[in-house]
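> based on what follows, work out the 3D shape:
(chains A and B)
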Amino acid sequence: GDSVTQTEGQVALSEEDFLTIHCNYSASGYPTLFWYVQYPGEGPQLLFRASRDKEKGSSRGFEATYDKGTTSFHLRKASVQESDSAVYYCALSDQGGSAKLIFGEGTKLTVSS
Amino acid sequence: GGIITQTPKFLIGQEGQKLTLKCQQNFNHDTMYWYRQDSGKGLRLIYYSITENDLQKGDLSEGYDASREKKSSFSLTVTSAQKNEMAVFLCASSTWGNYAEQFFGPGTRLTVL
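Numbering: from 1, shown residues only, chains lettered A, B, ... in the order given. Predicted coordinates:
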């Protein structure tokens, strides 16, 4: 079945560091790919999504590019802030026409000042 | 905009007890979901409902029942609570389609004594 793998379980950075969180997926065709962010005490919220090869999604300084060739959707940010500390989830949509999502395991980002 | 309300915020029960979690949304979305969130395992789908009176099993439905009483509400019942299912339960809603954004509630934290 379809799956999503996030390599990093936890990432610790200092403010202004560059962030990369790796996301690889396994699915046929062109699933829509998502990044969600979850702050403490809240539910996940959509950061951005992409549905076509080479499409770039971006929001709040975060970005990721849909790469069909490497089946990846890596999250990057050039300069992180303490307020970016959260759990980040990569997800893909079920292609059966539903809105079902398959989530990766999540990456906890901690940014210190 | 809209909001998803989950009650209760914290739920404590005894092993073997039947427990019910409730979710309400005012987005007027057709589709609603229940996820279980375990640390390091991401979000796993328990049940979803495409429309009122519809129920579909997710990957983690064993040990749970669900009920879509009306378009705005979706309940989840833990049929016999076990210590190994202590987790946060998240409710979400969305429109239909594989590009749809899911909107999440803040979660119910289940503790089993």
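
> what does chain A put close to chain B?
A:9, A:31-32, A:41-46, A:49, A:51, A:89, A:93-101, A:103-106 (CB under 8 Å from any CB of the partner chain). All C-beta spots, glycine's among them, are computed from the backbone N, C-alpha and C.

> can you flag the buried ones in the residues you listed?
A:31-32, A:43-44, A:46, A:49, A:89, A:93-94, A:98-101, A:103-106 (16 or more other CB atoms under 10 Å in any protein chain shown).

> out of those residues, which sit inside strands?
Within these, membership in strands is found for A:46, A:49, A:89, A:93, A:101, A:103, as judged by DSSP state E.

> leaving out chain neighbours, which residue sits closest to whichever residue of chain B sits closest to chain A?
Nearest residue of chain B to chain A: residue B:104, at 2.9 Å (CB to the nearest CB). Among residues not flanking residue B:104 along the chain, residue A:43 sits closest, at 2.9 Å (CB to CB, 6 or more residues apart in numbering or on different chains).

> can you check residue B:4 too?
Nearest non-adjacent residue to residue B:4 (CB to CB, 6+ apart): residue B:105, at 3.7 Å.

> now residue B:7
residue B:22 (4.9 Å).

> the strand or helix carrying the one you found: what's the following helix or strand?
Using DSSP states H and E, residue B:22 falls within strand B:19-25. Note on strand B:19-25: by DSSP H and E, the next helix or strand toward the C-terminus is strand B:31-38.
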